[in-house]
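>>> Sequence and computational prediction follow.
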Amino acid sequence: ITGVLVASVLFVRRVAHLTTVTEIEQDDAGVRVYAVTGALFFASSNDLVYQFDYTGDPDDVIIDLSGAQVWDASTVATLDAITHKYAQRGKRAHIVGLDDVSAERHERLAGHLGAGH
């Protein structure tokens, strides 16, 4: 049992660091696009909120999750926190590219988990 628990913790720690946020070059200076890739769950989404330039970004930000999967409610809460941080600065963050399962989870839980983390 101890071996299984240790292996589980090590696996979660390893997978948590496989998530990346990359700024995509855009011709339109009024929009910033970020591509997020990897499995988003409680361990990997903790640092996600710190990967964006809330102050320096333009008024419109697109967060493309076509290369990511939303696995749990903590990730939806993190996405809510990100959009809230942009809104506090008068900016709009658009979450795009969710697969069907992730989109359903996001739609069902967004805005219901507490605002402004």
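The structure has been received and is ready for your questions.

>>> contacting residues around Gly30?
Residues in contact with Gly30, defined by CB atoms under 8 Å, 6 or more residues apart in numbering, are 58-60. Heads up, the C-betas are built off the backbone N, CA and C, glycines and all.

>>> show me where this protein has strands.
Using DSSP state E, the strands of the chain run over 20-24, 31-40, 60-70, 92-96.

>>> The longest one pairs with which strands, parallel or anti?
Next to strand 60-70 in the sheet, as set by DSSP bridges, lie strand 31-40 (parallel), strand 92-96 (parallel).

>>> What residue, apart from its backbone neighbours, is nearest Ala68 spatially?
Distances taken as CB to CB, 6 or more residues apart in numbering place Val36 nearest to Ala68, at 4.7 Å, with adjacent residues excluded.

>>> and if you look at Leu79?
Closest residue in space to Leu79, ignoring its immediate chain neighbours: Ile95 at 5.9 Å, by CB to CB, 6+ apart.

>>> Is the one you found bridged to anything, and to what?
On the basis of DSSP bridges, Ile95 is bridged to Ile63.

>>> how many neighbours does it have?
Ile95 has 21 neighbours, counted by other CB atoms under 10 Å.

>>> residues contacting it?
Taking CB under 8 Å, 6+ apart, one finds 63, 65, 79, 83, 106 in contact with Ile95.

>>> Return the distance of stretch 98-105 from the chain's centre.
Averaging C-alpha positions (CA atoms, centre = their mean, to the nearest Å) puts stretch 98-105 13 Å from its chain's average.

>>> still on that earlier bit, can I get the strands paired with strand 60-70 in TSV including mean pLDDT?
TSV is the format used below for these (pLDDT from 0 to 100):
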stretch	mean pLDDT
strand 31-40	91
strand 92-96	94
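
>>> Tell me which of the ones you listed sits most buried.
Of those, the one with the most neighbours on average (mean count of other CB atoms under 10 Å) is strand 31-40, at a mean of 19.

>>> And the contacts of that one?
15, 18-24, 26, 44, 48, 51-53, 57-58, 60-71, 75, 78.
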